[in-house]
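K.L.:
Fold the stuff below for me.
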Amino acid sequence: MQKSDLDNENPTILNVSQLPSREQKKAIARHGPDSSYDHLLFSRYHSSDASSVLEDDEEYEDVFDDALDQQEIYDLISTVSDPEHPHTLGELNVVRLPDIHLTPPQGDPRGLATVLVELTPTINHCSLATIIGLAVRFRLEQALPPNYRIDVRMKEGTHAQDEQVNKQLADKERVAAALENDSLQSVVNTMLKTCVV
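P.N.:
I've put the predicted structure just below:
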């Protein structure tokens, strides 16, 4: 892509030291997403036959013992690359910690939890807003346990067509169709190459 083809040729880029991070604590032995996301990435938790596998699986309990927080969600998606620039969504301030909202399961740790991520494009007419939202949604769907419902949208007033983009990102059939498109899937896969496991 030539420099003149970019939507925003001069985006504001945050220094790594400006990105939100969890303050380092003394090492405490515990399982959970603050030490490793590996246990969240087992494909068997996303299979269609997951209910029968999970009923008898002791690891299932470990996955849900430690509830996720906004920082952990931020850590998962801030490293997604921008499709136009050689920077991450965190560095470009597209993903912001205060714009990640969690509704934890009520009572039962296996209950339904909701993650809402509001994205702020670098410019209000970003032509790649839907692809960025798609990549964030795909990343979260792959990394989070199956009891998390994901809502990715443009923050109100930050994109000229935020209603249309949000409608596309909320439509499960459109998202599934987009991910079946080889060229879109290739772009999303390239964006996710910078993500930490």
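K.L.:
Flag the shaky bits of the chain, pLDDT-wise.
P.N.:
1-11, 15, 18, 22-67, 197 (pLDDT under 70).
K.L.:
can we see that at 80?
P.N.:
For the chain, applying pLDDT under 80 flags the ranges 1-67, 105-110, 196-197.
K.L.:
Can you show me the strands along it?
P.N.:
Per DSSP state E, the chain carries strands over the ranges 100-103, 113-119, 148-154.
K.L.:
number of nearby residues for the closest residue to R174 other than its chain neighbours?
P.N.:
The shortest distance from R174 to any non-neighbouring residue, by Cβ to Cβ, 6 or more residues apart in numbering, is to Q168 (5.3 Å). For the C-beta atoms, the positions are set from N, CA and C on the backbone; glycine is no exception. By the criterion of other Cβ atoms under 10 Å, Q168 has 16 neighbours.
K.L.:
Same check on A176?
P.N.:
9.
K.L.:
Please apply the same query to P105.
P.N.:
15.
K.L.:
Report the separation between it and L112.
P.N.:
Separation of P105 from L112 (Cβ to Cβ, to the nearest Å) stands at 6 Å.
K.L.:
Spit out the residues that contact those two alike.
P.N.:
N147 (Cβ atoms under 8 Å, 6 or more residues apart in numbering).
K.L.:
Make TSV from the strands of the chain and add distance to M191 and mean neighbour count to it.
P.N.:
Shown next, in TSV, are the strands of the chain (distance: least, Cβ to Cβ, whole Å; neighbours: other Cβ atoms under 10 Å):
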stretch	distance to M191	mean neighbour count
strand 100-103	18	16
strand 113-119	13	20
strand 148-154	13	20
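K.L.:
Now for the residue nearest to R174: which residues touch it?
P.N.:
Q168 touches 130, 133, 174-175, counting by Cβ under 8 Å, 6+ apart.
K.L.:
rewinding a little: rebuild the strands of the chain as TSV, extending it with distance to L92.
P.N.:
What follows is the strands of the chain, written out as TSV (distance: least, Cβ to Cβ, whole Å):
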stretch	distance to L92
strand 100-103	16
strand 113-119	10
strand 148-154	14
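K.L.:
Of all these, which one comes closest to Y74?
P.N.:
Y74 sits nearest to strand 100-103 of all the strands of the chain, at 5.7 Å, using Cβ to Cβ.
K.L.:
Paired strands for the closest one, with orientation please.
P.N.:
According to DSSP bridges, strand 100-103 forms sheet pairs with strand 113-119 (antiparallel).
K.L.:
if we look at the strand it pairs with, which residues are touching it?
P.N.:
67-68, 73, 77, 89, 94-96, 99-105, 129, 132-133, 136, 140, 144, 147-156, 158.
K.L.:
cutoff 6 Å now
P.N.:
73, 94, 99-105, 133, 147-155 (Cβ atoms under 6 Å, 6 or more residues apart in numbering).
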